[in-house]
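**Q** Okay, predicted coordinates and the sequence, questions at the end:
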Amino acid sequence: MTEQLELLGPTAGQAQHLRSIEELSVEDLVDVLDLTDHMVEVCRRPVPKVPALRGRTVLSLFFEDSTRTRLSFETAAKRLSADTMTFSASSSSVNKGESLRDTVETLDAMGIDAAVVRHRSSGVPWQVSRWTSASIINAGDGWHQHPTQALLDAYTIRTEHPAARSAVAEGRRPLEGLHIGILGDVKHSRVARSNVQAFQALGATVTLIAPRTLLPPSVAGWGSQLTVTTDLDEVLPKLDVAYVLRMQLERQEQALVPTLREYTARFGLTPERAHRMPGDALVMHPGPMNRGVEIAPEVADRPNSVITHQVANGVALRMAVLYRLLGSGVPLTGGSDV
Amino acid sequence: MSAASPRPPTEPSTARPLRGGVFHVRAQVLSADDIRRAVTRIAHEIVERNRGDEHLAVIGLANGGTWLAEALARAIAGIEGHRPPAAGVLDVSLHRDDIGLRPVLPGSITTIPGSLDGRVVVLVDDVLYTGRTVRAALDALNDYGRPRAVQLAVLVDRGHRELPIRPDYVGKNLPTGVDEEVRVSPGGVEIGTVVSS
């Protein structure tokens, strides 16, 4: 064929990134959730694989341990027929003293279309995007952001909560009118930051529930509708979603809570507390769970706990993100570049 | 882009380009009544060719073929002595060969009625043009099973095929120019041009 193919619009050739929820407009958020519906259908097929990203290479660039997020991204890439490469810091030349920049530039030279980045320091995904022309997806940087977790949580609420389903049917923002409580170690949680932004942008009211020692010094800039409380029992009957964060046991030596038993007594989601929530309220957790600390085993296994849905939706949501950034040719509308 | 190219460099190679602009109607080719008669005729042709087949599945290609597949399924169900066929919708966006060359986002959610193993599948679209959508659909069907046979029904065949694909059932053969556009709805088929605004 001698035919000339039409090039994409003004953004052709310019990499699109998802490093923070702030890079997405409300329309982008809604679009990605709608696209996830298609990917859920693909995952349900007898052959759950489409050729959409054939010939593209997705690199997992993980400087911090992770099983579920890395496998979720790699499964998503493979279901779109992309090739995957895995880099993990523990078995790499980083141990020989190679710098982050040299590592990234070496991998970039092999030819990659997207890099999924996790690092214990905030801001690394932005730094990495200066050293490669690939699309950067943040899979967790320090205490800062974990945007795909926030998106899959928003998607899970949108599909599982009856009020969210009717909001979608009526053409409103999917989480409009919902009251979501984020419970636990907000201070050290990148999940909390991303989720607050995504939930609020999609119309939800968000309350942070934690002991003062586990709250950041200031939540100014986290959104105007945000409320903070230390009284779980008071706010519980009003919650449509209880989003339980992992108690980071490795931080116990910092004495941020007196004992884990006292934490469980005041902030643990026990069966008695779960019963005081509205009948259609959802229980969520980003995993891995400390059963018996922040969430009781009976609560995690109840029917209104959608924790396993979150994991299943993670693959479809990440397919939607990869396709939107690498394949769709439709640029994101929101967020100015940093 | 080479200036020596025999065709304009902006020419899209797809059946339904995402072109902005105003659609100027040149002529109405089929009226709503014509479409109804064509659907009835095609339904009879499908039944005649697949006589007694219990496993017919009528699948519309999203989004243009969706309403037409529903109309065809109803018409087949209305034919005496024939069992209503299974109906479905297939979105082929993620199987297209022009991903990365133009914006491609899925339309409707695919719904396939059960396994397609051993069934006769009739793919339905409103306009047959380059044939690339149909190629993507044949590829997508593989993910749902192995049909015994796949047939193609279109309301309008406008020519300009780029792949070795031909329809089994045609509402109307419509000679067109590549700069023209065909718009189809249950209310009629129109031919015209898009003038960028």
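**A** That came in fine, so what should we check first? Residues are numbered from 1 along each chain as shown, chains lettered A, B, ... in the order given.

**Q** can you list the weak-confidence ranges in the stretch 1-150 of chain A?
**A** Scanning the stretch 1-150 of chain A for pLDDT under 70 picks out A:1-13, A:92-95.

**Q** all strands for it, in order.
**A** In the stretch 1-150 of chain A, the strands defined using DSSP state E, counting those that start in this stretch lie at A:57-62, A:83-88, A:114-119, A:135-141.

**Q** what about the host helix or strand of B:H44, average pLDDT?
**A** Using DSSP states H and E, the element containing B:H44 is helix B:32-49. Averaged over helix B:32-49, pLDDT sits at 95.

**Q** go on, stretch A:162-182?
**A** 95.

**Q** again with stretch B:188-197
**A** Stretch B:188-197 shows a mean pLDDT of 88.

**Q** Show me how chain A divides into domains.
**A** What automatic domain parsing lists as the domains of chain A is A:21-145+A:313-326, A:147-309.

**Q** can you tell which of those domains is closest to B:R83?
**A** Taking CB to CB, domain A:21-145+A:313-326 is the member of the domains of chain A nearest to B:R83, at 24.4 Å. For the C-beta atoms, the positions are set from N, CA and C on the backbone; glycine is no exception.

**Q** Help me confirm that A:P331 comes into contact with A:Q16.
**A** Yes - taking contacts as CB atoms under 8 Å, A:P331 lies within contact range of A:Q16: 6.3 Å.

**Q** between these two, who's got more neighbours?
**A** A:Q16 (19 against 16; other CB atoms under 10 Å in any protein chain shown).

**Q** In space, what's closest to that one - neighbours in sequence excluded?
**A** Distances taken as CB to CB, 6 or more residues apart in numbering or on different chains place A:L325 nearest to A:Q16, at 4.6 Å, with adjacent residues excluded.

**Q** And for B:T40?
**A** Closest residue in space to B:T40, ignoring its immediate chain neighbours: B:A75 at 5.5 Å, by CB to CB, 6+ apart.

**Q** Kindly provide the whole-number mean pLDDT of whatever helix or strand the one you found lives in.
**A** Per DSSP H and E: B:A75 is located in helix B:66-78. Helix B:66-78 carries an average pLDDT of 94.

**Q** packing partners for it?
**A** helix B:32-49, strand B:56-61, strand B:86-90, strand B:120-128 (3 or more CB pairs under 8 Å, 6 or more residues apart in numbering or on different chains; DSSP states H and E).

**Q** out of these, which comes closest to A:D28?
**A** Here strand B:86-90 is closest among the helices and strands packed on helix B:66-78 (CB to CB), at 25.7 Å.

**Q** to the chain's geometric centre, what's the distance from the closest one?
**A** Computed by CA atoms, centre = their mean, to the nearest Å, the chain-centroid distance of strand B:86-90 equals 13 Å.

**Q** picking that back up, report the separation between the residue nearest to A:Q16 and chain B.
**A** 12 Å (CB to the nearest CB, to the nearest Å).

**Q** Helix, strand or coil: sort out A:Q200 for me.
**A** Using DSSP: H, G, I helix; E, B strand; the rest coil, the structure places A:Q200 in helix.

**Q** what's it in contact with, if anything?
**A** Going by CB atoms under 8 Å, 6 or more residues apart in numbering or on different chains, A:Q200 touches A:V206, A:G223, A:Q225, A:L226.

**Q** any idea how far the nearest residue to the second one once chain neighbours are set aside lies from A:H179?
**A** Closest residue to A:G223 in three dimensions, ignoring its sequence neighbours and counting by CB to CB, 6+ apart: A:Q200, at 4.5 Å. Using CB to CB, to the nearest Å, one gets 12 Å for the distance from A:Q200 to A:H179.

**Q** How about A:P217?
**A** 25 Å.

**Q** Neighbour count: these two, which is higher?
**A** More crowded of A:P217 and A:H179, by other CB under 10 Å: A:H179, with 18 against 6.

**Q** and the more buried one, what are its bridge partners?
**A** Under DSSP bridges, the beta-bridge partners of A:H179 are A:T205.

**Q** burial count for residue 54?
**A** Went with chain A since none was named. Using other CB under 10 Å, A:R54 has 14 other residues around it.

**Q** Switch to chain B, please.
**A** Using other CB under 10 Å, B:E54 has 10 neighbouring residues.

**Q** Based on its surroundings, how many neighbours for the closest residue in space to it that isn't next to it in sequence?
**A** In this structure, B:E54 finds its nearest non-sequential neighbour in B:R83, 6.1 Å apart by CB to CB, 6+ apart. A total of 13 residues lie near B:R83 under the criterion other CB under 10 Å.

**Q** what's near enough to touch B:R83?
**A** B:E54, B:L56, B:A77.

**Q** Excluding residues flanking it in the chain, which one is nearest the most centrally placed residue in chain A?
**A** Residue closest to the mean C-alpha point of chain A, counted by CA atoms, centre = their mean, is A:Q149 at 1.3 Å. Spatial nearest neighbour of A:Q149, excluding adjacent residues (CB to CB, 6+ apart): A:V191 at 5.2 Å.

**Q** mind checking which helix or strand that neighbour is in?
**A** Per DSSP H and E, A:V191 falls inside helix A:190-201.

**Q** Now do that helix: distance to the chain's middle.
**A** That offset, for helix A:190-201, works out to 9 Å (CA atoms, centre = their mean).

**Q** mind saving the C-alpha coords of that helix as PDB?
**A** What follows is helix A:190-201, C-alpha atoms only, in PDB (Å, rounded to 0.1, in the frame of the first residue of the first chain):
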ATOM      1  CA  ARG A 190       0.100   7.500  49.300                       C
ATOM      2  CA  VAL A 191      -3.200   5.600  48.700                       C
ATOM      3  CA  ALA A 192      -5.000   8.100  51.000                       C
ATOM      4  CA  ARG A 193      -3.700  11.100  49.000                       C
ATOM      5  CA  SER A 194      -4.600   9.800  45.600                       C
ATOM      6  CA  ASN A 195      -8.000   8.500  46.800                       C
ATOM      7  CA  VAL A 196      -9.100  11.700  48.400                       C
ATOM      8  CA  GLN A 197      -8.400  13.600  45.200                       C
ATOM      9  CA  ALA A 198     -10.100  11.000  42.900                       C
ATOM     10  CA  PHE A 199     -13.100  10.500  45.200                       C
ATOM     11  CA  GLN A 200     -13.700  14.300  45.600                       C
ATOM     12  CA  ALA A 201     -13.300  15.000  41.800                       C
END
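
**Q** how about that helix: buried residues?
**A** Within helix A:190-201, the residues that qualify as buried are A:R190, A:V191, A:A192, A:R193, A:S194, A:N195, A:V196, A:Q197, A:A198, A:F199, A:Q200, A:A201, counting by 16 or more other CB atoms under 10 Å in any protein chain shown.
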